Structures are given as C-alpha cells and as structure tokens.
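Undergrad: All I have is the shape, not the residue letters:
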C-alpha cells in the first residue's frame, strides 16, 4: 500500500502504521502501480477482491467524507461497492452472477439486526461473521459495525471500525 498517499486517511481512522501481511513482494509493486490511478477508474492490472454492500443510513456531511476516505483506503472503485437500504427486501437477482465474492457491512445495530435476524446489541454482533437472512442459494456474509455518525462523535471507535473493515476484507479473501 502506498502509505504516503493514504496516510491522512489511515491517521483519521486511528491507524498509525500499515503493512500488508502475507503479501508477496511482487504484489506490492503491482499494487503501488494501481494505486496511482484515479479512484473512479476500474483497476486494469489486478483482480477485484469482490463486491461490498453497505447497509444503513446513507452518510451525509462529515460522515460522507469519512465514508469516502474508507472507500479510498480499501482501494475500492465505483463498481466494487454500493449502498443498500436494510428496509428493502433482498432480491436474490442482485447477487453477482459472475462468481464475484460478496460481503455486506451493516452500519449500526438496527441495520445488522434487520438483515441478520439477530436480536443482540451491537457489541455482541461486532467481530462476528453473520449472514444476511435472504432467500438466496448462498449465504451473504455480514459484518456489523458502528454507524458513521457515532464514529464522528466517538473518534476513539475509529480503530474498532477499521478492525471490522479488515474482518470484512479477510472474509472476502477467503471466499
């Protein structure tokens, strides 16, 4: 990861040092070349990690800035993520048919509870791979995390948000 261009985003999330684990040396040079490309262009020299679905209240203002910084740090382009409303019924046809792995992030306890059917509070739902209650052939992994506005009012929780995102990234890599 090109730490010089991403360090403000990592600092904002409470991350002081970033190093890829288990990454071959040749992959890091490939990745550095990709990171120099504009974010809104699809990557040309790497395979996508997968598709990210984000559920919850769509961020506005400072929460939107925080979310965009998260997208940049994760290295996602516009085709690799989307916002979904947790109140809408899940359509199995929305699941990528090309075999791309899919992970869902629920911002807040109510979104996580609605999607998973669990009744536990957010502290019990976090750090666990849940599944979306959907009428799909495959379960969609779901990671519960804090609402972005809560992160803005409690900046010390940014590191916990980052842990949740790393968990989601790990789930994608293992699908």
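TA: Sure, I can see it. Computed from a predicted structure; not experimentally measured.
Undergrad: In the host helix or strand of residue 123, which residues are buried?
TA: In this assignment (DSSP states H and E), residue 123 forms part of helix 122-125. Using 16 or more other CB atoms under 10 Å as the test for burial, helix 122-125 gives 122, 125. Glycine gets a C-beta too; all of them are placed from N, C-alpha and C.
Undergrad: List the neighbouring strands of the next helix or strand after that helix plus their orientation.
TA: The first helix or strand that comes after helix 122-125 along the chain, using DSSP H and E, is strand 129-131. The strands beside strand 129-131 in its sheet (DSSP bridges) come out as strand 141-145 (antiparallel).
Undergrad: contacts for the partner strand?
TA: Here strand 141-145 makes contact (CB atoms under 8 Å, 6 or more residues apart in numbering) with 102-107, 109, 111-112, 115-116, 122, 125-126, 128-132, 160-161, 164-165, 167-168, 171, 175.
Undergrad: Any of those residues buried? List them.
TA: Among the contacts of strand 141-145, those classed as buried by 16+ other CB under 10 Å are 102-107, 109, 111-112, 115-116, 122, 125-126, 130-132, 160-161, 164-165, 167-168, 171.
Undergrad: Go through the residues you listed and flag which are in strands.
TA: Within those, residues falling in strands by DSSP state E are 102, 103, 104, 105, 106, 107, 130, 131.
Undergrad: Output the residues you listed as a markdown table; include the columns pLDDT and distance to residue 91.
TA: What follows is those, written out as a markdown table (pLDDT from 0 to 100; distance: CB to CB, whole Å):
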| residue | pLDDT | distance to residue 91 |
| --- | --- | --- |
| 102 | 93 | 13 |
| 103 | 95 | 17 |
| 104 | 95 | 14 |
| 105 | 97 | 18 |
| 106 | 97 | 17 |
| 107 | 97 | 20 |
| 130 | 95 | 19 |
| 131 | 93 | 17 |
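Undergrad: do you know how far the residue nearest to residue 50 when sequence neighbours are not counted is from residue 95?
TA: Excluding the flanking residues, the one nearest residue 50 by CB to CB, 6 or more residues apart in numbering is residue 101, at 3.7 Å. According to CB to CB, to the nearest Å, residue 101 and residue 95 sit 11 Å apart.
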